[in-house]
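**Student:** Only the shape, not the letters, is given here:
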């Protein structure tokens, strides 16, 4: 969960542009220009759905309407506004929000079933569903003790992504791709070539890409694999997720559900109205 959120926040600065002096090896990961995006909001919504037992669709609609300016794509905005049906998208929005699913179930089959369920309310294109399943499976495999060779082999076999192209070959020709099939191979490769969470996010920085979403997906897998982000998670979550509403009052809702534990989740965050 925290790897998803921090990967999104770190990548938020470079989603559309980079400064001329940009150096992916030394650029600070967290600055005052960073922010959470729709990746964080929807990832927390996925966790909320799991912990409360409500449908993914209900959670996505309510979180999206509560945080309407997080940077959603136009089709998702229409879905929120009109209550329309799934729009057969293969965009990476289904994958960005599903990593947390890999933390909560005992078998890969259960993870895939729930990830598909999380996708179909919006991204009911086969590639949209596949991307959600792969992102959740990556977290599941990483936290379950599979090594990188096993993770690579499993992901290639089950989801058909080519993970044989190294970052050194991807960097010169990298471009922003918003589909699952364009995003997932890069996200997995950023993780596979990392040595810790920070190096994973720096790998994301090294390529021209949808940095917040690739960071969210790759960061979730990296945290699960390395069992840490190497940062003060709580401090960063408080810094970026808790926002003032009016003088003397703050909105802690995203923080409360990001940090909620299963046994305390209902009491800690309440339910959405």
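**Tutor:** Received it, and whenever you're ready, just let me know what you need. Values in this document were obtained by computation on a predicted structure and should not be read as measured data. Numbering: from 1, shown residues only.
**Student:** Would you mind listing where the stretch 101-250 of the chain has pLDDT under the threshold?
**Tutor:** 247 (pLDDT under 70).
**Student:** Between the two ends of stretch 28-38, what distance do you get?
**Tutor:** 22 Å (Cα to Cα, to the nearest Å).
**Student:** Contacts made by that stretch with the rest, please.
**Tutor:** Residues outside stretch 28-38 that contact it (Cβ atoms under 8 Å, 6 or more residues apart in numbering): 5-6, 8-10, 12-13, 15, 64, 70-73, 76, 93, 96, 198, 201-202, 212, 231, 236, 239-241, 254. Using the backbone N, CA and C atoms, a C-beta is placed for each residue, glycine as well.
**Student:** Surely residue 250 forms part of a helix?
**Tutor:** No - counting by DSSP: H, G, I helix; E, B strand; the rest coil, residue 250 is not found in a helix; it is strand.
**Student:** That one against residue 256, yeah?
**Tutor:** No - using Cβ atoms under 8 Å, residue 250 makes no contact with residue 256, being 11.1 Å away.
**Student:** which of those two has more neighbours?
**Tutor:** residue 256 (17 against 12; other Cβ atoms under 10 Å).
**Student:** residues touching residue 113, list them.
**Tutor:** Counting by Cβ under 8 Å, 6+ apart, residue 113 has no contacts.
**Student:** For residue 79, which non-adjacent residue is spatially closest?
**Tutor:** Distance criterion Cβ to Cβ, 6 or more residues apart in numbering; nearest residue to residue 79, sequence neighbours excluded, is residue 122 at 5.8 Å.
**Student:** Tell me how far the one you found lies from residue 64.
**Tutor:** 10 Å (Cβ to Cβ, to the nearest Å).
**Student:** Find residues that contact each of those two.
**Tutor:** residue 76.
**Student:** More neighbours: those two, which one.
**Tutor:** residue 122 (28 against 20).
**Student:** give me every residue that touches the more buried one.
**Tutor:** Going by Cβ under 8 Å, 6+ apart, the list of residues near residue 122 reads 57, 60, 75-76, 79, 86-87, 89, 93-94, 128.
**Student:** can you do 10 Å?
**Tutor:** Neighbour list for residue 122: 42, 56-57, 60-61, 73, 75-76, 79-80, 84-89, 91, 93-94, 97, 128 [criterion: Cβ atoms under 10 Å, 6 or more residues apart in numbering].
**Student:** now swap in residue 207 and tell me
**Tutor:** Here residue 207 is in contact with 24, 167, 170-176, 186, 189-190, 214 (criterion: Cβ under 10 Å, 6+ apart).
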